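**Student:** model the structure of this input:
(one chain, ligands or ions: 1)
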Amino acid sequence: MEIKKIMVVGAGIMGSGIAQVCVEHGFATVLTDVKEEYARKGKENAAHFLERKVQKQRMTEADKEKTLALLETAEGYKKGADADLVIEAATENAEVKKQIFRDLDETCKADAILASNTSTISISMLAGNTKRPCKVAGMHFFVPAPVMKLVEVTPGLLTEAETVDILMEFARQIGKEPVKAPDTSAFLVNRLLDPMWNEAMYLVMEGNRPEDIDKAMRLGANHPMGPLELADYAGLDIVLAVMEQMQRDLGDKYKPCPLLRQMVQAGLLGRKTKRGFYDYSKL
Ligand code: 3HC
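**Tutor:** Have a look, this model is predicted:
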């Protein structure tokens, strides 16, 4: 099976970044959300980063226009019903994602692969909400999706080997390095990263300054970003969802830090709400 057309469901930071990667590698892509207005905003986000490439003379204006012409925006799934591959990048909520997979299964062509960009929700469970579990898998990108090289490809219990092979190959076609990850809580990268972020939040509760914690990990461990600025970047609601899922699946070792829960309850979700461990209101 050859992948020619993609549909990306959810036009937030991840969805728009994934759609950007797909069109930059020549794939016709439909970016859809519950309202077309959100999808258009996602396309504007991709256009912004392509424009930066033009300014840095890494892309011509003509190539930018050609690339953006491959990116169609939509509301709902009809425009992408003939897509060969759907990448779901909606909100990190199991009930929402289960419904999306039921709807996609109804609308999309029978041989389309349905992939989820979930950080932590069981792929086998999402697959169980479709009549094509053999064609459902995880395809997990990292923020910022246009820059980060890795894609975790996760088969569910019933995913057929061909689906995994197609996704691994597709990841390479869009310039990524795939790694096969297990369908256990948080796969590989988040299983390691999120507990570190959680620990950094305990250090804040113990009175340490976020600036010092981040500086320590940037300079002492050569991380490009400190744990708290990266958690702000990924979204504190996502981090909480991942920790909660890990706690449910793997035990209290992964209990979310109380400060994390409190910040999410207060609507301090990081960069996307302009406030998290840092203030982004002036950016
Ligand atoms: N979208 C698209 N492109 C972006 C971008 C974005 N949001 N942010 C930065 N870029 C591009 C820039 O345009 C630039 O491109 P160029 O090299 O072609 O000019 C390039 O990235 C580098 O950007 P900058 O020069 O502005 O900044 P830095 O050199 O400081 O790099 C960074 C920024 C790539 C974000 C770097 O700090 C980094 O690697 N941080 C760590 C990111 C990370 O660990 N991500 C994983 C998080 S975990 C996760 O995603 C899991 C999920 O489930 C929560």
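**Student:** interface residues of the chain facing the ligand?
**Tutor:** Within the chain, the positions near the ligand by CB under 6 Å from any ligand atom are 17, 49, 52-53, 56, 58, 119, 142-144, 146-148, 190, 193, 224-225, 230, 234, 238. C-betas here are computed from N, CA, C, even on glycine.
**Student:** which ones among those map onto strands?
**Tutor:** Among the residues of the chain next to the ligand, none falls in strands (DSSP state E).
**Student:** so the residue located most distally from the centre of the chain is in which element?
**Tutor:** Computed with CA atoms, centre = their mean, the residue of the chain farthest from its C-alpha average is G207, at 31.8 Å. Secondary-structure assignment from DSSP states H and E places G207 in no helical or strand segment.
**Student:** cool, and L114?
**Tutor:** With DSSP H and E as criterion, L114 is part of strand 113-116.
**Student:** what does that strand contact?
**Tutor:** Residues outside strand 113-116 that contact it (CB atoms under 8 Å, 6 or more residues apart in numbering): 1, 3, 84-88, 97, 101, 104-105, 108, 123, 126, 130, 132, 135-140, 163, 166-167.
**Student:** PyMOL command for the buried members of these?
**Tutor:** PyMOL command restricting the contacts of strand 113-116 to the buried ones, with burial defined by 16 or more other CB atoms under 10 Å:
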select buried, resi 3+84+85+86+87+88+97+101+104+105+108+123+126+130+132+135+136+137+138+139+140+163+166+167
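**Student:** mind checking which of the contacts of strand 113-116 are in helices?
**Tutor:** Among those, DSSP state H puts K97, F101, L104, D105, I123, L126, T163, I166, L167 in helices.
**Student:** want to throw these into CSV with distance to V9?
**Tutor:** Below are the ones in helices among the contacts of strand 113-116 laid out as CSV (distance: CB to CB, whole Å):
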residue, distance to V9
K97, 10
F101, 10
L104, 7
D105, 13
I123, 15
L126, 12
T163, 18
I166, 18
L167, 16
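**Student:** which two of these have the greatest separation?
**Tutor:** The distance between the two most remote of the ones in helices among the contacts of strand 113-116 (CB to CB) is 21.2 Å, for K97 and I166.
**Student:** sec struct for T159, please.
**Tutor:** coil (DSSP: H, G, I helix; E, B strand; the rest coil).
**Student:** give the bridge partners for the residue nearest to it when sequence neighbours are not counted, please.
**Tutor:** Among residues not flanking T159 along the chain, A137 sits closest, at 5.0 Å (CB to CB, 6 or more residues apart in numbering). Assessed by DSSP bridges, A137 has beta-bridge partners A115, P155.
**Student:** contacting residues for A137?
**Tutor:** A137 is in contact with I113, A115, S116, I123, V153, T154, P155, G156, T159, T163, V164, L167, counting by CB under 8 Å, 6+ apart.
**Student:** out of those, who's the most crowded?
**Tutor:** Among the contacts of A137, A115 has the most neighbours (other CB atoms under 10 Å), with 30 neighbours.
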